[in-house]
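>>> got a predicted structure plus its sequence, pasted below:
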Amino acid sequence: TTALGREWLDGQDLKDCNVLDVGCGSGILAIAARVLGAKEGVGTDVDVQALEASRDNAGRNNIGDELFPLYLPEDLPQVQADVLVANILAGPLVSLAPQLSSLVISGGRLALSGILSEQGDEVAAAYA
């Protein structure tokens, strides 16, 4: 699912976009967005070790802290993302639908992955 998220990002025009990666894990999607031209990549994860891994991986890709801020969910400022990506389980995607939707600008793009095929309708309904 990470590879599919990366492939989706590769097909997007990210110039001047702020990208929010929810459940950033290793940071690969936000890092990919920055490499693909996004103005900023912001990551959030519930796991402090994931945020540390994201920071290390960003450094390996010459992306400074100021261009890739990382937050625990409770510390995430009320950002307005042009693009939001979330590669997490269906249950959290459904329960977080109102919050995640509010973080995307009007007309922005939202890409959700990590979903089993039989869970697609439930997740889609939560974001409809």
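Nice, thanks for sending it over. Numbering: from 1, shown residues only.

>>> now do the strands in this structure.
Counting by DSSP state E, the chain has strands at residues 18-22, 40-44, 70-71, 81-87, 104-113.

>>> in stretch 6-14, what counts as buried?
6, 8-9, 12, 14 (16 or more other Cβ atoms under 10 Å). No exception for glycine: its C-beta is placed from N, CA and C like everyone else's.

>>> how about the contacts made by the nearest residue to D47 once chain neighbours are set aside?
With Cβ to Cβ, 6 or more residues apart in numbering as the criterion, D47 has its nearest non-adjacent residue at 7.9 Å, and that residue is G25. Contact partners of G25, counting by Cβ atoms under 8 Å, 6 or more residues apart in numbering, are 2, 45, 47, 50, 53-54, 87.

>>> swap in 10 Å and give it another go.
By Cβ atoms under 10 Å, 6 or more residues apart in numbering, the contact set of G25 is 2, 43, 45, 47, 49-51, 53-54, 57, 87-88.

>>> please tell me how far the residue nearest the centre of the chain sits from E122.
Centroid-nearest residue in the chain, with Cα atoms, centre = their mean: D21, separated by 1.6 Å. Distance of D21 to E122, given as Cβ to Cβ, to the nearest Å: 22 Å.

>>> same thing with V79?
Distance from V79 to E122, by Cβ to Cβ: 26 Å.

>>> higher neighbour count, those two?
A direct count of neighbours by other Cβ atoms under 10 Å for V79 and E122 places V79 higher, at 16 against 13.

>>> check what pLDDT the more buried one gets.
pLDDT, V79: 85.

>>> hmm, it is touching D21, no?
No - look at V79 against D21 with Cβ atoms under 10 Å: they stay out of range, at 11.3 Å.

>>> please enumerate the shared neighbours of these two.
With Cβ under 10 Å, 6+ apart, V79 and D21 have common neighbours 42, 44.

>>> inside helices: which ones of the buried residues of stretch 6-14?
Judged by DSSP state H, helices contain the following of the buried residues of stretch 6-14: 6, 8-9.

>>> contacting residues around G64?
G64 sits next to A58 when contact means Cβ under 10 Å, 6+ apart.
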